[in-house]
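Asker: Sequence isn't available, so here's the structure alone:
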Ligand SMILES: Cc1ncc(C[n+]2csc(CCOP(=O)(O)OP(=O)(O)O)c2C)c(N)n1
Ligand SMILES: [Mg+2]
């Protein structure tokens, strides 16, 4: 665990709040899915919150862009999308962040740099590289960060994009969120190497493994990588080790892992780890945490109310937003 | 008017648009130092430099996807696929990203890019290098698809394609790069979505696009010798489709032959054949004829490879069938 000493209370409190908001949002989404208010594929982020929250804290808002896969609710919240519009999107309502046309896997806010969730494993990686290509060409001063899973790293898209980014020196940070499973496949069942960060060496891209349960470690490494991208046009690759507490999607009871394994990772809950360290440093009390939790539970309940009360998109919407 | 080749017309379009807007960049295999596999980008590297005329590694998915991302960010990339067969490795990036981000985001993204290169049968190339993929793109909502047959159309349409805010698939033909035609000196644009009457006639309408348009014109010459006046409609653009001009011609001639060099099943040609049949039913005096390639992988043998494709003789015969004169 990295020391939290150098960080002030507002910074740490904001991280804690955001991670807990994501957790409560996902729990509520799962609940509403169970009530059949939400359908289709819905991939929850529980357990991985430190990755998107730490990373987003290391980005420069308004300059940098983010892309990820279908497990995208957390990234959207971290980039400042209103969780009301995310819940409405899950409900397919007109007030959703993608007007009800995207759904769980496709949360977008172009202006906020949220270039969305992609449903094709690895499909977002070349796009992010192109975003970085444009940032360099247009000299806009920004960089792009792209997230993908341990399953995606075997796609040609990853390898082709890494080679292009390194050859052309593009301001992009590649982040493999290694939650140790691609659906039901443990990493060692589908990969000849289990330390995935070594794959960056093939492209001469500086690469590191980062503890994804430690939000401070994620923040520090992503910030350094994004600063390098922005100032030196050098790509980096981070393998961030994490764990998903829920099944792959709502239909997966995750029978392929042992109870002991899941419990070991529950003991490293990134939210509780930060909470504990803040309490130790006298930056937080149990009561304050309970108040925060109550506030966030109310907030996500408000998201549900907003989504329920929102209108469905009209049928006339079907032919809009296809051609410019 | 100057008489220039198809490749020169395309090069002029690229050159003019690169001068006009700095966001226009060319990406592809061998497009810069080598001047392009078919020399379409000749001289552009010297003029615009390596930041705008960019040799890529052989990584179609990678550089096509990169171009989509750059287009989302406001650039106007022109991707050259050495040929459309190799583009199949990248088709996911176009279908799922170039096209879908706009609708999935509720209209927040646009993708002003062009993907161009040779499509369709060529010669002596065997099964993996000689086939038309037009229908693959026409099938997907969100692309514009353009397929010119003359240098004049190619230049005006490529300039429009580069200025278009949608992803435009620009189908060229390997066999046509050396074809010559008149191209005016000054700047001009051709609107995407407008077909062109390449020959007027009252007896039968021949509808086609890209390379087989020239065969339709030859067939029309042959038919004229027998007193049959064929009208030739060059679609130029497949999406949007100029139904108005096609239907107006069919309403005049009451007979139609659709010619497509692709395989027949679920092809652009079969779709247009069905549309005419449905929408002009009361005006037709005969079923709409369809001349396509045979439903087989392209053989290498030259006699066979020519015979499996549409030919002038096949088009003439189809026109006569439509006129009940066979
Ligand atoms: C190209 C492609 N192949 C297969 C799938 C089906 N699929 C969806 S998620 C997934 C597992 C991906 O695992 P990983 O990359 O580790 O991401 P995680 O779900 O763990 O976040 C698979 C196989 C898909 N969406 N896209
Ligand atoms: Mg995984």
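Answerer: Received the coordinates, thanks. Worth saying up front: this structure is predicted, and the values here are computed from it rather than measured. Numbers count the residues shown, from 1 in each chain, chains lettered A, B, ... in the order given. Ligands and ions are numbered 1, 2, ... in the order given.
Asker: which stretches of the chain form helices?
Answerer: Let's take chain A. For chain A, applying DSSP state H gives helices covering A:9-34, A:49-57, A:73-78, A:83-90, A:124-137, A:156-167, A:187-190, A:215-232, A:259-266, A:270-280, A:286-309.
Asker: sorry, should have said chain B
Answerer: Taking DSSP H, the helices of chain B run over residues B:6-20, B:44-48, B:60-72, B:84-87, B:91-92, B:100-104, B:134-138, B:151-163, B:212-225, B:243-253, B:268-279, B:302-308, B:312-322.
Asker: Just tell me which of these ends up closest to ligand 2.
Answerer: helix B:91-92 (20.0 Å; CB to the ion). C-beta coordinates here come from the backbone N, C-alpha and C atoms, glycine included.
Asker: how about stretch A:256-273: buried residues?
Answerer: A:257, A:265, A:268, A:269, A:270, A:271, A:273 (16 or more other CB atoms under 10 Å in any protein chain shown).
Asker: Determine how far the last residue of it lies from the first.
Answerer: The first residue of stretch A:256-273 is 26 Å away from its last residue (CA to CA, to the nearest Å).
Asker: hmm, that stretch touching ligand 2?
Answerer: No - counting by CB under 5 Å from the ion, ligand 2 has no neighbours in stretch A:256-273; the shortest distance is 12.1 Å.
Asker: Need the per-residue pLDDT for the closest residue to residue B:61 other than its chain neighbours.
Answerer: Leaving out its chain neighbours, the residue that sits closest to residue B:61 by CB to CB, 6 or more residues apart in numbering or on different chains is residue B:90, at 4.7 Å. If you check residue B:90, the pLDDT there is 98.
Asker: What is the neighbour count of the residue in the stretch 201-326 of chain B that ligand 1 sits nearest to?
Answerer: Proximity of the stretch 201-326 of chain B to ligand 1 (CB to the nearest ligand atom) peaks at residue B:266, 23.5 Å away. Residue B:266 has 11 neighbours, counted by other CB atoms under 10 Å in any protein chain shown.
Asker: mind checking pLDDT for the residue of the stretch 51-200 of chain A at minimum distance from ligand 2?
Answerer: As assessed by CB to the ion, ligand 2 sits closest to residue A:149 within the stretch 51-200 of chain A, at 3.6 Å. Per-residue confidence (pLDDT) for residue A:149: 98.
Asker: Give me the most central residue, chain B.
Answerer: The structure's chain B has its C-alpha centroid closest to residue B:147; by CA atoms, centre = their mean the separation is 1.7 Å.
Asker: on that earlier part again, ranking the helices of chain B by burial, who's on top?
Answerer: Of the helices of chain B, the one with the most neighbours on average (mean count of other CB atoms under 10 Å in any protein chain shown) is helix B:60-72, at a mean of 30.
Asker: Can you name every helix or strand that that helix contacts?
Answerer: With contacts taken as 3 or more CB pairs under 8 Å, 6 or more residues apart in numbering or on different chains; DSSP states H and E, helix B:60-72 sits against helix A:124-137, helix A:156-167, strand B:24-28, strand B:76-80, helix B:84-87.
Asker: Deepest-packed of those, please.
Answerer: Mean neighbours per residue, mean count of other CB under 10 Å, is largest over the helices and strands packed on helix B:60-72 for helix A:124-137, with a mean of 29.
Asker: Quick check: mean pLDDT of that helix?
Answerer: 98.
Asker: Please name every helix or strand in contact with it.
Answerer: strand A:65-69, strand A:114-118, strand A:144-149, helix A:156-167, strand A:172-178, helix B:60-72.
Asker: Tell me how far the residue in chain B that ligand 1 sits nearest to lies from chain A.
Answerer: Using CB to the nearest ligand atom, the single residue of chain B nearest to ligand 1 is residue B:92, 7.6 Å away. In this view, residue B:92 and chain A are 6 Å apart by CB to the nearest CB, to the nearest Å.
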